[in-house]
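K.L.:
fold the following for me, if possible:
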Amino acid sequence: MAKRASPMRIELSGERRERMVRSAQKFFEDRLDQTLSEFQAELLIDFFVKELGAPVYNQAIRDAHAWVEEKLTDLEGEFYEPDEPYSR
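P.N.:
Modelled structure (predicted):
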């Protein structure tokens, strides 16, 4: 059976991409005392999105799934109301 292609493709909006490029340039200047051209910063952002985007996204999905599953597992314990009224 052929594996189907994932429908999700990580794409950054133009505004977000510009912010990330500026952020990468500032980071390199502040921390590494190196100047990145806009082109170099764009290549760096493309590399990180390609290499880290899917693993980080997938981990976030797993974490969210585990959190929801934990809440649903304890749903009855949190909100259960007895069918019969409590009597002494």
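K.L.:
which residues in the chain form strands?
P.N.:
Applying DSSP state E to the chain gives no strands.
K.L.:
remind me, longest helix of it?
P.N.:
helix 38-73 (DSSP state H).
K.L.:
quick check, central residue of the chain?
P.N.:
residue 57 (4.0 Å; Cα atoms, centre = their mean).
K.L.:
CA atoms only: put the helix or strand of the chain with the lowest mean pLDDT into PDB for me.
P.N.:
Of all helical and strand segments in the chain, the minimum by mean pLDDT, DSSP states H and E falls on helix 75-79, at a mean of 73. This file holds the C-alpha atoms of helix 75-79, laid out as PDB (Å, rounded to 0.1, in the frame of the first residue of the first chain):
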ATOM      1  CA  LEU A  75     -14.100  13.400  32.800                       C
ATOM      2  CA  GLU A  76     -16.400  11.000  34.700                       C
ATOM      3  CA  GLY A  77     -14.500  11.400  38.000                       C
ATOM      4  CA  GLU A  78     -14.600  15.200  37.700                       C
ATOM      5  CA  PHE A  79     -18.200  15.700  36.700                       C
END
